[in-house]
Structures are given as C-alpha cells and as structure tokens.
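# Below are the sequence and a predicted model for it; my questions follow.
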Amino acid sequence: MPDIVLDNVSKSFTKQTHAVENLSLTIPDGSFTTLLGPSGCGKTTTLRMIAGLDLPTAGEITIGGTVVFSEKSGAFVHPSKRNLGLVFQSYALWPHLTVKENIIFGLEINSVDKTEVRARLEKVATALRLDSLLDRYTNELSGGQQQRVAIARVLIMEPSVLLLDEPLSNLDATLRMEMRAELKRLHRETGATIIYVTHDQLEALTMSTHIALLSAGELQQFAAPLEIYEKPTNQFAADFLGSPRINFVTASLTSDSLVWGGLKIALPGPGNVNAPQEVLLGLRAEELRLDRVAQKDALVGRILTVLPTGADWFYQVEVAGQVLTIRHNDSVPFSYDDSVYVQPRPSSLKVFDDLGRAIL
C-alpha cells in the first residue's frame with residue numbers, strides 16, 4: 001500500500017487549545033512508525049485523525065493515494081471505509097465469548113464465508129501463537145494473551161494499516177518486553193504498515209523503523225530511531241530520547257573546538273558556525289569515560305551516587321560544578337566520594353545554540 005501523507009494537518013478543540021499544529025508527515029508503506037512524545041503532545045489525536053475518529057481543523061490526509069480528508073475540497077472518507085485496524089489501550093474483549101469467537105466476531109457480522117473465516121483464523125492464530133487458546137474464555141487468559149487476542153481480532157479483518165494506541169501500557173514490565181518482541185516479529189512477518197502511539201521511548205527505540213517525535217502538537221524530528229538518538233535536530237529530541245537522560249553542559253564554541261570546564265574538545269571538521277559563542281554540549285551517559293588515574297584531556301570529578309543495574313553501573317559525578325550521569329561497566333566499581341577523571345568520548349558531538357537548535 002502507498003504511503004500515508006499528512007499535509008499541514010491541525011486540530012484545535014477550542015481557540016486556546018491546539019492539539020496538533022501544521023503537522024506534515026509522510027509515513028512510508030510497510031514501516032513501523034511510532035508517534036512518540038510526552039503526554040498531551042498530540043500523539044493520540046494524530047492517530048485518531050488518521051483513523052477518521054477525530055476531524056482535523058485544517059490540512060489534508062491521504063491514505064494509499066486516496067484523500068480521506070481535505071479542508072479545501074471538503075473530502076471525507078468514513079472510518080469504516082478506510083480499511084484501518086485500531087487497537088486501543090483497553091482490550092475491549094467480549095467476556096462471554098471464547099478467544100475464537102472474539103477473533104472472528106467482525107467476520108461473522110460481515111457475513112464472510114465460513115471457509116474463509118476458518119482459513120483466516122488459522123493464519124492469524126498461528127501468527128500470534130493463540131492456537132491452543134481458541135476455546136478458552138478471555139478471563140482465563142493473562143494480560144499478554146488478552147492483548148494478542150485484541151490484535152488478532154483486528155488482523156483477521158486484513159486492514160491495510162494497523163493503528164495501535166498505547167496497547168502495552170496496562171501490562172507489567174515482563175509482559176511488555178514479551179509483547180514488544182511479538183509485535184516486532186508480527187511486523188517482520190506480515191510487512192504491514194503499523195502506526196504505534198506511546199510515550200515510552202524504550203518501546204519506540206526497540207520496535208520502530210521510524211519515529212515521529214512530537215512536542216506541544218508540533219513535529220520535532222522524523223527519522224530512524226538511532227538517527228534521532230545520535231543526531232537529534234534540537235535540544236528537546238536529545239533530551240527526550242535516551243535513558244538515562246542526556247547530560248547538558250555549558251561550553252564555548254570556537255572555530256575549531258569546544259571548551260568545557262577548561263577542557264578543549266577538537267571539532268571533527270570545519271564547522272559552518274558563528275564562533276565564538278556560548279552553547280550547550282550534550283553528552284550521553286555512555287559518551288563519558290571514568291578513570292581512577294589521571295588521563296590526558298580529562299577533568300577531575302567526585303562520585304556522588306552509585307547506582308548498580310546489574311550489567312552496568314551508573315554514577316552521578318560532580319564535574320566542573322555540574323552533576324553528570326555516567327555509565328560504566330568496570331568489574332571493580334567506584335565508591336561514594338571517590339575522586340575520578342572524566343573524559344568525553346562522544347561518537348558525534350551534540351551541540352545546541354541558545355534557541356535549542358542543533359548546530360555543527
């Protein structure tokens with residue numbers, strides 16, 4: 001199926017409340033695109049406008065080459081005619097029906113031939129590993145199994161696009177991990193276009209082929225997960241994506257280097273920037289190195305907090321008057337109040353001007 005295109009789409013609930021503003025976005029065919037951002041940023045509103053459940057205030061939406069909404073022409077395609085499957089946060093399963101009956105409910109009310117129903121049921125039950133659960137009632141299932149039934153009920157209708165609105169938020173951590181793997185496998189095997197809404201950046205990073213990062217109803221960046229992580233276009237993108245949060249330190253930018261706390265960091269190449277100027281340097285926890293002995297091009301720090309996580313250790317370290325979070329996996333951990341030497345090792349420099357825009 002061709003791309004889904006949003007062209008300057010806006011949604012206002014009142015004159016003062018603007019949920020989405022001038023959103024232009026092309027969601028590629030066959031992609032797993034996540035709408036990511038904090039609560040109230042317009043993720044679910046965008047999903048509902050694509051589905052046709054919310055009417056945009058302005059703009060145009062095209063699905064598979066067909067204009068399904070246009071402010072200018074007045075075009076509007078009813079949600080039932082858009083061939084989209086929507087899975088909500090709540091499972092919304094019928095408790096008096098078995099798993100099988102829940103899954104095939106939509107086909108039966110549409111009077112689909114019984115042979116076709118059996119064929120589709122076998123296919124979707126196998127894909128979602130529900131074969132052995134078909135005769136159970138939904139109250140006999142775990143949360144993860146109920147979620148798979150809710151997805152199967154949509155998939156059996158063979159929608160061209162699958163819309164998922166925070167479907168894993170009601171699950172515990174273990175089940176969420178399992179369902180992330182299930183959804184990623186499902187996308188790989190079916191090749192369906194999936195649009196997924198979440199505020200959980202770990203879900204976005206692990207499952208998506210593309211992320212649309214939103215804030216206050218505006219698109220901040222649209223790219224592959226690792227591209228946003230490594231090359232954020234602004235300070236918000238750098239800060240929102242990544243766990244633990246990125247460290248920001250004040251630095252001075254010259255024509256050939258950054259100066260932070262008396263430490264000079266050479267630029268990778270000639271930068272087309274206005275220098276000198278005060279900037280914010282973003283350093284992720286893994287882009288800072290800790291040593292016990294003095295190193296060249298290192299700053300002296302002091303351990304304030306030790307946070308073991310199993311595979312890694314996270315430390316809060318006071319460096320040049322600021323507290324930084326640093327990931328370290330030395331077999332011999334540091335202790336509270338230890339003196340250490342901190343050395344930046346950024347794979348790509350993340351530098352932002354006073355307006356929060358990425359430069360370099």
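Thanks, I have the structure now. Computed from a predicted structure; not experimentally measured. Numbers count the residues shown, from 1 in each chain.
# residues in contact with the residue nearest the centre of the chain?
The chain has A204 as the residue nearest its centroid, 2.8 Å off, counting by CA atoms, centre = their mean. Going by CB atoms under 8 Å, 6 or more residues apart in numbering, A204 touches 34, 36, 196, 198, 211, 225, 241. C-beta: built from backbone N, CA, C; applies to glycine.
# Got the phi and psi for it?
The phi/psi pair for A204 (degrees, to the nearest 10) reads phi -60, psi -40.
# pLDDT at it, what is it?
Confidence at A204, expressed as pLDDT, is 93.
# And the helices in the stretch 1-150 of the chain, which stretches?
43-51, 99-109, 114-127, 143-155 (DSSP state H, counting those that start in this stretch).
# And the third one, what does it pack against?
I take that to be helix 114-127. helix 99-109, helix 143-155, helix 173-190 (3 or more CB pairs under 8 Å, 6 or more residues apart in numbering; DSSP states H and E).
# Following the chain past the longest one, name the next helix or strand.
Put plainly, it is helix 173-190. Using DSSP states H and E, the helix or strand that follows helix 173-190 in sequence is strand 193-198.
# How many residues are close by the nearest residue to S70 once chain neighbours are set aside?
Nearest non-adjacent residue to S70, counting by CB to CB, 6 or more residues apart in numbering: E60, 4.5 Å away. Other residues near E60 come to 19 when the count uses other CB atoms under 10 Å.
# ok, so what distance separates E60 from V67?
Distance of E60 to V67, computed by CB to CB, to the nearest Å: 6 Å.
# P308 too?
Taken as CB to CB, the span from P308 to V67 is 55 Å.
# Show me what the helix or strand bottoming out on mean pLDDT in the chain is packed against.
Here the helix or strand of the chain ranked lowest by mean pLDDT, DSSP states H and E is helix 173-190, holding a mean of 84. Counting contacts by 3+ CB pairs under 8 Å, 6+ apart, helix 173-190 is packed against helix 114-127, helix 143-155, strand 193-198, helix 201-207.
# Check what contacts it and list those residues.
32, 127-129, 142-144, 147-148, 151, 155, 164, 167-168, 171, 192, 194, 196, 203, 206-207.
# mind listing what G52 touches?
Shown in contact with G52 (CB under 8 Å, 6+ apart): 68-69, 76-79, 82, 84.
# PyMOL command for the buried members of those residues?
Here is the PyMOL selection string for the buried members of those, based on 16 or more other CB atoms under 10 Å:
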select buried, resi 68+69+82+84
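# Widest-spaced pair of the contacts of G52?
F76 and L84 (14.5 Å; CB to CB).
# ok, back up a step: for S24, state which of the contacts of G52 is nearest.
F69 (14.2 Å).
# The residue nearest to S252 when sequence neighbours are not counted: neighbour count?
Spatial nearest neighbour of S252, chain neighbours left out: V259 (4.5 Å); criterion: CB to CB, 6+ apart. Neighbour count for V259, taken as other CB under 10 Å: 14.
# what's the answer for D297, then?
Neighbourhood size, D297 [other CB under 10 Å]: 12.
# sorry, back to before: dump the helices and strands packed on helix 114-127 to a markdown table, plus mean neighbour count and distance to G42.
Output for the helices and strands packed on helix 114-127, formatted as a markdown table (neighbours: other CB atoms under 10 Å; distance: least, CB to CB, whole Å):
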| stretch | mean neighbour count | distance to G42 |
| --- | --- | --- |
| helix 99-109 | 18 | 29 |
| helix 143-155 | 22 | 23 |
| helix 173-190 | 16 | 23 |
